[in-house]
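# pasting a predicted model and its sequence here:
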Amino acid sequence: QVQLVESGGGLVQAGDSLQLSCAAYGRTFNTMGWFRQAPGKEREFVAAITWIGAITYNTDAVKGRFTISRDNAKNTLYLQMNSLSPEDTAVYYCAAKSRGGEITPVSAYDHWGQGTQVTVSS
């Protein structure tokens, strides 16, 4: 059974850092990514990385502050978030897909984690 399990969320102050992790169980995936959903807003793409390390960011959202990485040996995805602001407050979701094609739409991903809450206070 395929399962994505996120961890690392929490309550932090503006300017702080957090690292999110997503452990994948059951299989490996060509592309893994992070999305986030703030209250009252649609789920948005944050970043994605392929098996060979090709990376795409939502530059408007990330603004050079986030770094996505993966450890293929551990089948784990990471998101290092620095200089957090209250605008980053959201539930962060890990997603994974095996086929090629687009990597930014929500609909492109087959598997999702349960989400981890990140709250940034001002």
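Right, received. Where do you want to start?

# enumerate every residue touching S85.
The contact partners of S85, taken as C-beta atoms under 8 Å, 6 or more residues apart in numbering, are 14-15, 120. For the C-beta atoms, the positions are set from N, CA and C on the backbone; glycine is no exception.

# list buried residues within those residues.
Buried subset of the contacts of S85 (neighbour count, 16 or more other C-beta atoms under 10 Å): V120.

# what is the nearest of the contacts of S85 to F45?
Using C-beta to C-beta, V120 comes nearest to F45 of these, at 19.3 Å.

# and the closest one, what pLDDT?
V120 carries a pLDDT value of 98.

# follow-up on the earlier one: from the contacts of S85, which ones fall inside strands?
When those are checked against strands (DSSP state E), the matches are V120.

# can you tell me which of the contacts of S85 is nearest T56?
Nearest to T56 among the contacts of S85: V120, at 23.6 Å, using C-beta to C-beta.

# next up, the contacts around the closest residue to the closest one other than its chain neighbours.
Nearest residue to V120, sequence neighbours excluded (C-beta to C-beta, 6 or more residues apart in numbering): L84, at 4.6 Å. Taking C-beta under 8 Å, 6+ apart, we find L84 in contact with 12, 14-18, 65, 118, 120.

# which pair in these spans the largest distance?
G15 and V118 (14.0 Å).

# what's the burial count for D110?
Using other C-beta atoms under 10 Å, the number of residues around D110 comes to 12.

# the closest residue to it other than its chain neighbours: neighbour count?
Computed as C-beta to C-beta, 6+ apart, the closest residue to D110 that is not its neighbour in sequence is K97, at 5.1 Å. For K97, the neighbour count with other C-beta under 10 Å is 18.
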